[in-house]
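**Student:** fold the following.
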Amino acid sequence: MTNAVKAEKMLSAPKIGSTLFQAFCRAFFVYYCRLTVAGRNYLPVPPFIICSNHVSHIDSAVLMTASGLPFNAFALLGASDYFFDSWKARFLVSRFMNVIPIDRQARPKLLGRSLAMCAEFLQRTHGNLILYPEGTRSWNGEIQAFKSGAGLFAVNLRVPIVPAYIDGAYKILAKGSLMPRPRPVLVRFGEPITFEANQFDALRWRVRRRAAIDLLEQRIRALSQRPPAGELIGLPEAHQEADHATIPIPIGPARPLQKKSPTRCT
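**Tutor:** Just a heads-up that it's a prediction; the model follows:
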């Protein structure tokens, strides 16, 4: 079966599987790898997309646990050649997580299919997506350059994008490692962004997507520089609706934005 055919289907975890996985992860991040969360109040009312750095296979579990939301409310955008070419990975992951295939080579036709599946998932479930703009796990724990194809999802899906930074997952389970080590991990969520652009402006569509990715990369790198403050995952925390900025896609290099009252630009 070709990748093009496989990309037409997503992995959908049964509710019981995702619930059991959620319970396991909460215990794991309380008793084995202590999880601290900062900025959870920035998470808006679903649907939204979490865009994060990517260093470990535990990243998605960390982000979903840090959100405080049910695991079955999330779908991960996962590399089609990794999750869908191997029946072992497909069998294991499909028991516990929702995965939408994404083509790492950024071929337009396959990206379009992934985008359609994401839109259908968001509309049908009012759930959330996890997207790693780097495209693959970092070998050294440092943030790698973001792929331009991720801008397609940031701009076209038109839901809030929450930048996030995971600190410590690389020390728990680095790329190439098999057994997780007991180390602390921190998730820092940033202020959501809503990108809006004129979809009929075809000449500058690629530039707009690239500018969106540049801005997300700036925000996530900025989160990596903040001091480690937050709340332990084991403590109760009220889920608050946060204001978020709505930002038109700039033409040219993205610049840091000044915080201001939420506006909507079309």
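**Student:** against residue 55, how distant is residue 218?
**Tutor:** Taken as CB to CB, to the nearest Å, the spacing of residue 218 relative to residue 55 amounts to 19 Å. Heads up, the C-betas are built off the backbone N, CA and C, glycines and all.
**Student:** these two: which is more packed in?
**Tutor:** residue 55 (27 against 17; other CB atoms under 10 Å).
**Student:** what helix or strand is residue 45 on?
**Tutor:** For residue 45, there is no helix or strand it lies in under DSSP states H and E.
**Student:** quick one: neighbours of it, just the number.
**Tutor:** By other CB under 10 Å, the residues close to residue 45 number 11.
**Student:** kindly report the same for residue 152.
**Tutor:** By the other CB under 10 Å criterion, the neighbourhood of residue 152 contains 23 residues.
**Student:** CA atoms only for the helix or strand harbouring it, dumped as CSV, please.
**Tutor:** Here residue 152, judged by DSSP H and E, is contained in helix 150-156. Only the C-alpha atoms of helix 150-156 are listed here, as CSV (Å, rounded to 0.1, in the frame of the first residue of the first chain):
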residue,chain,number,x,y,z
ALA,A,150,3.7,23.6,9.1
GLY,A,151,2.5,27.1,8.1
LEU,A,152,-0.2,25.5,6.0
PHE,A,153,-1.9,24.2,9.2
ALA,A,154,-1.3,27.3,11.2
VAL,A,155,-2.9,29.6,8.6
ASN,A,156,-5.6,27.5,7.0
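**Student:** could you give me the buried positions within stretch 20-34?
**Tutor:** 21-22, 25-26, 28-29, 33-34 (16 or more other CB atoms under 10 Å).
**Student:** now for the helix or strand harbouring residue 164, which elements pack on it?
**Tutor:** In this assignment (DSSP H and E), residue 164 forms part of strand 161-167. When contacts are defined as 3 or more CB pairs under 8 Å, 6 or more residues apart in numbering; DSSP states H and E, strand 161-167 packs onto strand 49-52, helix 59-67, strand 185-189, strand 193-196, helix 205-224.
**Student:** got the contact list for the next helix or strand along the chain from it?
**Tutor:** Moving toward the C-terminus from strand 161-167, the next helix or strand (DSSP H and E) is helix 169-172. By CB atoms under 8 Å, 6 or more residues apart in numbering, the list of residues contacting helix 169-172 from outside reads 33, 55-56, 58-59, 62, 138, 141, 180-183, 185.
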